[in-house]
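> I would like the atomic coordinates for the input below:
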Amino acid sequence: MKSAASVALVAVLATTSVSATRADLAKARSLYNQRQFDAAISAALAAQKTPATMDAATVVLALAHLERYRERANPEDLSAARTALGTVRVTSLDARDHLDFLMALGEALFFEDDYGAAAQLFESGLDSAITHGPVSAEAMLDWWGSAMERHADGLGRGERQSAFGRMRDRMARELSRNPGSAAAGYWVAVATRGAGDPAGAWDAAIAGWVRARLASGRAATLRADLDKLMLEGIIPDRVRLHAPDKRAQAESDLKADWAVVKERWK
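Residues are numbered from 1 along each chain as shown. Below you'll find the model as predicted:
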């Protein structure tokens, strides 16, 4: 999960080494997972030379270029990723590679600021990502949440609240399926706020803070994001509902209440 100023996490690619012909592909995926994107690109280019792994390797190549673009903001990486994606023969991909291909397409659109289109791609992959396990599910939920937030922020008030309302409902369903989802725990609070319900967002953020202990290794990040959201978004929203002469006291009270929650549920 991420705040509005950041982007979603890196998807972890499945790694296999069933034969020598797949060794370069497995190496490319492993290097990608280690965030060694230069080396991952080199290994993916090597794996492209083997017909059996060419298209899967091209997906890894595209993803590595996209992550390198995120780190360095070099437009050549974004262009290289787009070119690579255009050469993939989708029919040759297995289910896992197909999901990674969909993720890469969405990321490319996201980095081109086509947030609405990116959100649709990520949403179309949610069920498949969930089927493939919690790591894939968290990545797709995070990307979808980030894309939806940026898309909705460019809409008129009514459309914006409607978009956030749909996002809230989908994230809530994911939480009912997996209460330990850090991505859904964060984005349900963001979406509830965006839907025009600051009181509901307050409750969602507190629930997310308490539920964070189910999020395993992502608990600290979830709580840091929720704290930022509460202090910079939800509390100011609630304060604005008060008369101007009451706002300073309301802000102080709400911050104190939030501090108590954090202390009680460390």
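> Against Ala182, how distant is the nearest residue to Arg89 once chain neighbours are set aside?
Spatially, and ignoring its direct neighbours in sequence, Arg89 is nearest to Asp55 (5.1 Å; Cβ to Cβ, 6 or more residues apart in numbering). C-beta: built from backbone N, CA, C; applies to glycine. Asp55 sits 32 Å away from Ala182, going by Cβ to Cβ, to the nearest Å.
> Tell me where this structure has strands.
With DSSP state E as the definition, the chain shows no strands.
> Pull the distance from the longest helix anywhere in it to the chain's centre.
In the chain, taking DSSP state H as the definition, the longest helix is helix 157-177. Centroid separation for helix 157-177 versus its chain: 15 Å, with Cα atoms, centre = their mean, to the nearest Å.
> Report the buried residues of that helix.
Buried residues in helix 157-177, defined by neighbour count with 16 or more other Cβ atoms under 10 Å: Arg160, Gln161, Ala163, Phe164, Gly165, Met167, Arg168, Arg170, Met171, Ala172, Glu174, Leu175.
> what comes into contact with it?
Contact with helix 157-177 is made by 123, 126, 130, 137, 141, 144-145, 148-149, 151-153, 155, 181, 183-185, 187-188, 190-196, 211, as judged by Cβ atoms under 8 Å, 6 or more residues apart in numbering.
> For it, the averaged confidence score.
Mean pLDDT, computed over helix 157-177, is 97.
> same deal with stretch 39-55?
For stretch 39-55, the per-residue pLDDT averages 95.
> Could you pull out the buried residues of it?
By 16+ other Cβ under 10 Å, the buried positions in stretch 39-55 come out as 39-48, 50, 53-55.
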